[in-house]
Structures are given as C-alpha cells and as structure tokens.
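[1] coords below, sequence missing:
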C-alpha cells in the first residue's frame, strides 16, 4: 500500500542535543511496548480475517463523525496516497465490511460507511484491543513520563 512520505522536520534537521544513554534505554523500552501491542494487534486482526491496515481503516471510519468518512479523509488518516486508500476501500468492500455512497454535499466526493458486518467486526477488535492495552498502560505511562523528562 503506497504510504505518504515522511515529512517530519525533526528527522530532516537532525538532533539539537546529544542523546543520553538513559534516554536510549527509555526510547527502546517505549518502542518495545508499542511493538508488543502492535504484534498483538496483527495477531488479533489476522485471526478475524483482516489485516492491521484494514482494522485501522474500519476503526477510523467507526470513529468518524456520522460514522462515515471520505476516501480522501481516510487516506490522510492512514497516511496513504489517495489511490492506496481507494484500493484499501475496494478490498474492504469485497469483504463486505464497508459500502460507498456519493456525498450529498460534494458530488465529487465518495463517502465510506461500515456495513453491519463491519460494525460487528470493529466492535470485537476494539474490545480485544482495549483488553490488551490495559496490560501495557503502566509500562507505556512510565516510558512516556521518562521520555518527557528527557525532552526537558
């Protein structure tokens, strides 16, 4: 799936101060907790027949105002190029998880909404993710607190 190129000025400009050994450890711990959660996410999504990107898409659609979003907004949310978002929506539609409709406000825009099957799937996955996240919260909070201290 084509991703938008990274445009973070922080990456392009380099570092303004040396990174301490302690900060390296805190950053590694933070990334480790995120990877554990993402590993769970991939396993949970795969077990229910979707990819993590497909789960992220249906989650974004479910969370959107009115429970629908334009393909353009979806591409921005998932950091995809517009044609990548169209391909993703095509796959979700073939799985019976979303349906398309033309926007009443802007006839050039296509809106995406979950089907009842998509609603049930995102509900199951979101509940499983919340249960899993509860086991990582303490570690993540500690890591974030330590990293915030290192940023000062």
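    Ah, there it is. Fair warning: this is a prediction, and the values are worked out from it, not measured in the lab. Numbering: from 1, shown residues only.
[2] mind checking how far the residue nearest in space to the middle of the chain is from residue 64?
    Closest to where the C-alpha atoms of the chain average out (CA atoms, centre = their mean) is residue 56, at 4.6 Å. Distance, residue 56 to residue 64, by CB to CB, to the nearest Å: 13 Å. For every residue, glycine as well, the C-beta is placed using N, CA and C.
[3] Wait, a strand at residue 69?
    Yes. Residue 69 sits within a strand when classified using DSSP: H, G, I helix; E, B strand; the rest coil.
[4] Check the burial of the nearest residue to it once chain neighbours are set aside by counting its neighbours.
    Spatial nearest neighbour of residue 69, chain neighbours left out: residue 61 (5.6 Å); criterion: CB to CB, 6 or more residues apart in numbering. By the criterion of other CB atoms under 10 Å, residue 61 has 25 neighbours.
[5] which strands and helices sit next to the longest helix that the chain contains?
    Longest helix in the chain by number of residues (criterion: DSSP state H): helix 21-47. The contact analysis (3 or more CB pairs under 8 Å, 6 or more residues apart in numbering; DSSP states H and E) places helix 21-47 against helix 52-63, helix 116-134, helix 137-151.
[6] what does the first one contact?
    Okay, so that is helix 52-63. Helix 52-63 is contacted by residues 1, 38, 41-42, 44-45, 50, 67-69, 74, 77-78, 88-89, 91-92, 95, 97-98, 112-114, 118-119, 121-122, 125-126 when judged by CB atoms under 8 Å, 6 or more residues apart in numbering.
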